[in-house]
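Chemist: Below: sequence and its predicted model.
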Amino acid sequence: MKNGSLLAAVDLGSNSFRLEICRYSHGLIQRSEYIKEAVRQGSGLDEDRNLSKEAMERGWECLARFAERLAGFKANEVRAVATQTLREAKNRHVFLDKAHQLLGFPIEVVSGREEARLIYQGVSHFLPQTDERRLVIDIGGRSTEFILGVKQETSKLESYRLGSVSSSLKYFANGELTQAAFYKAEVAAKAVLEEAVDFFPRKAWDTAFGSSGTVSAVAEVLGSAGWSDQTITLESLEWLKRHLIRVGHVDSLRMEGLKEDRRAVIGGGLAVLHAVLELFKIEALQVTPGALRHGLLYDLIEREDQSKDTRSVTVAGLQKAFQVDTEQAKRVSKVACHFLQQLETGKEAEQDWPRLNKKLDWAAQLHEIGAQISHTDSHKHSAYILDNTDAPGFALSELHRLSLLVLGHKGKLRKLDVDFTNVGFACQLMCLRLAVILCHARRDPDYKKIQLRLSEKQTNRFELLIEPLWPQRFPQSQHLLLQEVLAWQKTSWELQIKQA
């Protein structure tokens with residue numbers, strides 16, 4: 001990453017959408033611009049967990065405005081993520097398809113634990129690099145994250161389906177701020193978070209920090225009222241709760257420091273925050289400016305270095321956990337990426353080849369993680385693991401794409417529920433399947449005399465050019481390649497074998 005580069009993070013939260021633009025300089029970021037809009041998507045989920053048309057429209061309009069500011073940014077300079085509301089929404093693809101078009105950059109729906117990891121990544125860069133053990137808490141619109149960590153490393157993280165928007169909708173739906181409503185909301189919050197006390201015990205951390213969302217909003221109100229805006233205590237929260245109850249209704253609530261977008265959700269947010277401090281016996285919650293969006297920016301920087309990319313570390317961890325034959329994985333990856341490099345010179349050169357190559361490498365490294373469960377159906381188990389694991393650094397869509405590649409690395413292709421009009425995916429899948437075939441003996445194959453290319457005369461056709469004597473030297477591999485020709489006939493693509 002060059003000094004002076006502009007980087008951007010887009011956070012599609014349940015209550016607000018945020019755009020943070022920072023300038024990179026010698027490993028650090030400095031804010032250049034910050035835009036926050038109250039979209040309140042979290043209140044647009046119905047009982048069937050479908051996002052309403054109105055909520056989607058609010059989101060699209062906001063992202064269209066963000067897109068104007070992001071004009072001219074490159075793909076590796078922007079990262080956009082969505083959190084709990086879109087994790088829950090059954091019709092999220094409807095929103096995301098248009099959102100992607102409007103924003104001009106892909107939007108990743110991240111898991112709760114990945115959200116927690118990114119939050120800690122953002123928070124830790126604003127704190128001294130000491131040996132202090134930290135508990136970081138982030139109360140968002142529809143989820144609350146807890147993270148244990150030291151310096152920039154996490155040791156435990158979790159996300160709970162509880163937040164300011166969901167609590168406000170359920171216990172303060174009519175806007176009334178009563179003692180009874182606060183009592184019910186706090187009891188409900190404690191019921192959800194009670195198990196977290198065992199996961200994040202008091203003896204495991206030295207200092208508790210609160211990040212973004214509700215914590216920042218409450219701290220600003222308390223600071224304007226004469227309390228500390230750097231530390232939140234039960235005493236200060238009790239004062240604020242009494243004040244809200246005296247006012248009686250959010251429509252009548254006017255407090256210095258309370259932004260308009262927070263009025264409707266202050267009741268639920270305060271109830272959850274009060275429950276957290278009581279339940280975890282936190283005497284003083286330190287307020288930190290670090291947040292999810294800052295974690296996104298630092299993650300962008302680290303992805304420039306393969307050795308620091310969290311996703312590569314995760315892949316290595318999964319290999320270790322499932323006792324993968326790493327030599328075979330490297331062998332398959334080398335051959336698959338070799339073929340993809342050959343395709344890169346073809347007519348589809350506009351594809352984002354470095355990204356495709358990286359994802360293909362990961363798929364090759366993980367294609368046998370299911371072998372410990374069943375050798376025969378290892379590809380099915382591998383795909384299931386990837387679709388259902390918490391993998392730090394990966395978006396849910398990334399994991400699903402990897403699972404499809406892994407599922408399709410052998411066997412029938414018609415079982416794949418994929419869009420074969422996606423040229424990049426078809427190229428990745430072809431390269432992976434060919435590599436698995438050529439490495440079937442689990443030793444380095446002679447693949448230098450084979451060339452893979454896209455046909456210049458016919459669309460959706462791969463051509464495999466093989467030197468004349470190669471089939472005689474490797475009859476088993478030749479047999480498997482001929483079977484592969486038949487396999488692709490069941491798709492919209494064709495594989496043709498020719499003599500070089």
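Modeler: In hand now; what should we look at? Please read all numbers here as calculations on a predicted model, not as lab measurements.

Chemist: Is it correct that Gln152 is in contact with Gln121?
Modeler: Yes. Applying CB atoms under 8 Å, one finds Gln152 in contact with Gln121, separated by 7.1 Å. From N, CA and C alone the C-beta is placed, and that goes for glycine too.

Chemist: Neighbour count: these two, which is higher?
Modeler: Gln121 (23 against 13; other CB atoms under 10 Å).

Chemist: Make sure I have this right: that one is in a helix.
Modeler: Yes. Checked against DSSP: H, G, I helix; E, B strand; the rest coil, Gln121 lies within a helix.

Chemist: any idea how far it is from Arg453?
Modeler: 42 Å (CB to CB, to the nearest Å).

Chemist: buried sites along the helix or strand of the chain with the lowest mean pLDDT?
Modeler: The weakest-scoring helix or strand in the chain, judged by mean pLDDT, DSSP states H and E, is helix 260-263 (a mean of 90). Of the residues in helix 260-263, 262-263 count as buried by neighbour count, 16 or more other CB atoms under 10 Å.

Chemist: With stretch 397-414 instead?
Modeler: For stretch 397-414, by 16+ other CB under 10 Å, it's 398-399, 401-410, 413.

Chemist: which residues touch the helix or strand that contains Ala185?
Modeler: Element membership for Ala185, per DSSP states H and E: helix 179-193. With contact meaning CB atoms under 8 Å, 6 or more residues apart in numbering, helix 179-193 is reached by 144, 160-162, 167, 170-172, 241, 245, 267-268, 270-272, 274-276, 278-279.

Chemist: could you say what helices and strands the very next helix or strand once past that helix packs with?
Modeler: For helix 179-193, the succeeding helix or strand toward the C-terminus, using DSSP H and E, is helix 196-199. With contacts taken as 3 or more CB pairs under 8 Å, 6 or more residues apart in numbering; DSSP states H and E, helix 196-199 sits against strand 153-160.

Chemist: Alpha carbons of the strand it packs on, as CSV, please.
Modeler: This file holds the C-alpha atoms of strand 153-160, laid out as CSV (Å, rounded to 0.1, in the frame of the first residue of the first chain):
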residue,chain,number,x,y,z
GLU,A,153,-4.7,-10.5,18.9
THR,A,154,-8.1,-11.9,19.9
SER,A,155,-8.5,-15.0,22.1
LYS,A,156,-12.2,-15.3,22.2
LEU,A,157,-15.1,-13.6,20.3
GLU,A,158,-18.9,-14.0,20.1
SER,A,159,-21.9,-12.3,18.7
TYR,A,160,-25.4,-12.4,20.3
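
Chemist: which parts of it are buried?
Modeler: Neighbour counts using 16+ other CB under 10 Å place 154, 157-160 of strand 153-160 among the buried residues.

Chemist: if we can go back for a sec, please enumerate residues in contact with the least confident helix or strand of the chain?
Modeler: Under CB under 8 Å, 6+ apart, the answer for helix 260-263 is 15-16, 38, 40, 217, 250, 253, 269.

Chemist: go again using 6 Å as the cut-off
Modeler: With CB atoms under 6 Å, 6 or more residues apart in numbering as the test, helix 260-263 has contacts from 38, 217, 250, 253.

Chemist: what do you get for stretch 336-344?
Modeler: Taking CB under 6 Å, 6+ apart as the rule, stretch 336-344 contacts 353, 357, 360-361, 364, 427, 431-432, 434-435, 452.

Chemist: what's the answer for stretch 11-26, then?
Modeler: So stretch 11-26 is contacted by 1, 3, 5-10, 29-42, 62, 66, 82-85, 140-142, 165, 292-293, 297 (CB under 6 Å, 6+ apart).

Chemist: Excluding chain neighbours, what is closest to Ala291?
Modeler: Ser212 (3.8 Å; CB to CB, 6 or more residues apart in numbering).

Chemist: rewinding a little: show me what secondary structure element comes after the least confident helix or strand of the chain.
Modeler: Defined by DSSP H and E, the subsequent element after helix 260-263 is helix 266-279.

Chemist: Can you spell out which helices and strands pack onto that next one?
Modeler: Where contact means 3 or more CB pairs under 6 Å, 6 or more residues apart in numbering; DSSP states H and E, helix 266-279 is packed against helix 164-171, helix 179-193.

Chemist: Could you single out the most deeply buried of the ones you listed?
Modeler: Comparing those by mean neighbour count (mean count of other CB atoms under 10 Å), helix 164-171 ranks first with a mean of 24.

Chemist: tell me the angle it makes with helix 266-279.
Modeler: If you take axes from the mean of the first three to the mean of the last three CA atoms, to 10 degrees, helix 164-171 sits at 100 degrees to helix 266-279.

Chemist: and helix 164-171, what other elements does it pack with?
Modeler: Using 3+ CB pairs under 6 Å, 6+ apart: helix 164-171 touches helix 179-193, helix 266-279.

Chemist: and those as JSON lines, adding mean pLDDT?
Modeler: Shown next, in JSON lines, are the helices and strands packed on helix 164-171 (pLDDT from 0 to 100):
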{"stretch": "helix 179-193", "mean pLDDT": "97"}
{"stretch": "helix 266-279", "mean pLDDT": "98"}
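
Chemist: In a markdown table, list the ones you listed along with distance to Leu464.
Modeler: Listed next are these as a markdown table, based on distance: least, CB to CB, whole Å:
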| stretch | distance to Leu464 |
| --- | --- |
| helix 179-193 | 56 |
| helix 266-279 | 59 |
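
Chemist: Any idea which of the ones you listed gets closest to Ser52?
Modeler: Ser52 lies closest, by CB to CB, to one member of the helices and strands packed on helix 164-171: helix 266-279, at 19.3 Å.

Chemist: Show me which residues of the strand or helix carrying Trp239 are buried.
Modeler: Using DSSP H and E, Trp239 maps to helix 234-247. For helix 234-247, the neighbour count (16+ other CB under 10 Å) marks 234, 236-237, 240-241, 244-245 as buried.

Chemist: could you dump the helices and strands packed on helix 266-279 to CSV with distance to Lys90?
Modeler: CSV is the format used below for the helices and strands packed on helix 266-279 (distance: least, CB to CB, whole Å):
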stretch, distance to Lys90
helix 164-171, 16
helix 179-193, 22
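
Chemist: Now the element after the strand or helix carrying Ala208, going C-ward?
Modeler: According to DSSP H and E, Ala208 maps onto strand 207-211. Going down the chain from strand 207-211, the next helix or strand is helix 213-224, by DSSP H and E.

Chemist: List the buried residues for that following helix?
Modeler: Across helix 213-224, burial judged by 16+ other CB under 10 Å covers 213-223.

Chemist: Distance check, His100 against Asp305.
Modeler: 27 Å.

Chemist: Those two: which is more packed in?
Modeler: His100 (14 against 10).

Chemist: got the contact list for stretch 37-49?
Modeler: 14-17, 51-52, 55, 58-59, 62, 85, 88, 90, 141-142, 165, 261.

Chemist: for that stretch, the distance to its chain's centre please.
Modeler: Computed by CA atoms, centre = their mean, to the nearest Å, the chain-centroid distance of stretch 37-49 equals 20 Å.

Chemist: Equivalent analysis for stretch 171-186, please.
Modeler: Put simply, stretch 171-186 sits 33 Å off its chain's centre (CA atoms, centre = their mean).

Chemist: got it, and stretch 84-96?
Modeler: 14 Å.

Chemist: distance between the ends of it?
Modeler: This stretch, stretch 84-96, spans 14 Å end to end (CA to CA, to the nearest Å).

Chemist: Tell me, how many residues neighbour Ile450?
Modeler: By other CB under 10 Å, neighbour count at Ile450 equals 23.
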